[in-house]
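Novice: got a predicted structure plus its sequence, pasted below:
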Amino acid sequence: MVRLRCPRCGAEDQLEGAAGLWGDPRAEGELTCASCGQAYPVVDGIPMIFVDDHRWRSKQRECEGWEALNLELGQIDYEGIGAPPVDFAIPYIDDEHWAGIAENFDRITRGLDFEGRNVLDVGAGRPWAAKHFALRGARAVAMDVVAHPVVGLGRGWEMMSEAGVTFELLVGDSENMPFASGEFDYVFISAAMHHTNFMRALAREMARVLRPGGTLLVINEPFRSASEDEADLLLSSALPELRHGITERRPSAAEYFRAVADAGLEIAEARLGVDLDDPQRIWDNLTEPGLIPPRQEWFDVTAPRRFARALNTRFRSLPAELELRRALPRGTAGIRGSHAQMMATLFSRSELSIRAVKRPD
């Protein structure tokens, strides 16, 4: 079991009563902080370690919103007994959305050793990533605000049984995590940073629970281009979520980079989603003509006009470009080493993957 921290008073290693409550989906009880006396219930084997105050209200609304949205989509009630195959196989399923997640997951974890390491999966949802970390020998913990037995952490019990692994499940606040400082070797988050209005607080907490030298792994975080308005983009891309009270944001890429760097993490790698690895696909995906035409099109009859539009766009977006270059240090692997990737980060709508390391004390 990982070392815990009371989110009310901040005391570490003071939560008592955990014996027999972990790893059993039938367990009921409570954990109590010996320092401040705050009690945290354990429901269906999942500890609920958060402070139910005004800061939790948005998380509670988020939880209810995800359940309502999945009910609307017909994903709450599965027929028969046990999880459907998709729960056992994600992200490696024949689906365009999940295929991209699988590729980004494989790319950011390639070459990393998880054997015997403590790994935290933040915003785990159905905890597919925690399961895969456990399969690679990690001591994994999945944390989310949704404990639902089908579309939340509760699905983890059957996923563990099917895969023959174990990992811990915990409901908690990502901006006030119930874990001791320096407890994890890796913190992983997939498509969850944009579900908070306090990204810097989230980044600071992820950095706090990392040990010195530990690594933050971020994948599939959507961002807006320099030419787009965030409110308009949300209305066109996230209206069902907003309607159900789910927090949705589309920060700029620079906002992600600044939040991670300001938390004391050194960005080692930053990449666009696998859908924009190819420069030609970057050009095709631009929301504004910010790139010089591909070399093979330089002598096309439309090339002069496209050059002019590209230069005009670059000039108008110069403040955003300077902000991006300041937020992402020269020498960072991935985006920073490619002009096409930098322009795509400014002028396309895609997703980010980030690998960052906590600086030693």
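Specialist: That came in fine, so what should we check first?
Novice: residues in contact with the lengthiest helix in the chain?
Specialist: The single longest helix within the chain, with elements called by DSSP state H, is helix 57-72. The contact list for helix 57-72 (CB atoms under 8 Å, 6 or more residues apart in numbering) reads 50, 52, 76, 145-148, 150-152, 173, 195, 197, 240-241, 244-247. To be clear about C-beta, it is placed using only N, CA and C from the backbone, and glycine gets the same treatment.
Novice: please, where are all the helices along the stretch 101-250 of the chain?
Specialist: Listed in chain order, the helices of the stretch 101-250 of the chain (DSSP state H, counting those that start in this stretch) span 128-135, 156-163, 199-209, 230-237, 239-243.
Novice: what about the residue lying closest to Val165 once chain neighbours are set aside, how many residues nearby?
Specialist: In this structure, Val165 finds its nearest non-sequential neighbour in Ala134, 3.9 Å apart by CB to CB, 6 or more residues apart in numbering. Neighbourhood size, Ala134 [other CB atoms under 10 Å]: 26.
Novice: so Ala134 touches Glu168, yeah?
Specialist: No - with contact defined as CB atoms under 8 Å, Ala134 does not reach Glu168; the gap is 9.7 Å.
Novice: common neighbours of these two, please.
Specialist: Ala140.
Novice: so for the residue nearest to Val209 when sequence neighbours are not counted, what's the pLDDT?
Specialist: In this structure, Val209 finds its nearest non-sequential neighbour in Phe179, 4.7 Å apart by CB to CB, 6+ apart. Note on Phe179: pLDDT of 98.
Novice: burial check on Phe179, number of neighbours?
Specialist: Counted with other CB under 10 Å, Phe179 comes out at 24.
Novice: name the helices or strands packed onto the lengthiest strand in the chain?
Specialist: In the chain, taking DSSP state E as the definition, the longest strand is strand 210-222. Packing partners of strand 210-222 (3 or more CB pairs under 8 Å, 6 or more residues apart in numbering; DSSP states H and E): helix 96-109, strand 184-190, helix 253-262, strand 351-358.
Novice: repeat the analysis, applying 10 Å as the threshold.
Specialist: helix 96-109, strand 118-122, strand 184-190, helix 199-209, helix 253-262, strand 265-272, strand 351-358 (3 or more CB pairs under 10 Å, 6 or more residues apart in numbering; DSSP states H and E).
Novice: so for Ala138, which of those sits nearest?
Specialist: With distances scored as CB to CB, the stretch of the helices and strands packed on strand 210-222 nearest to Ala138 is strand 118-122 (4.3 Å).
Novice: just for the stretch 1-150 of the chain, where's the confidence low?
Specialist: 19-21, 77-84 (pLDDT under 70).
Novice: Ala231 reaches Arg250, doesn't it?
Specialist: Yes - Ala231 is within contact range of Arg250, at 9.1 Å (criterion: CB atoms under 10 Å).
Novice: who has more neighbours, those two?
Specialist: Just comparing Ala231 and Arg250: by other CB under 10 Å the higher neighbour count belongs to Arg250, 21 against 9.
Novice: neighbours of the residue lying closest to the more buried one once chain neighbours are set aside, how many?
Specialist: Leaving aside its chain neighbours, Arg250 sits nearest to Arg224 (4.3 Å; criterion: CB to CB, 6+ apart). Neighbourhood size, Arg224 [other CB under 10 Å]: 22.
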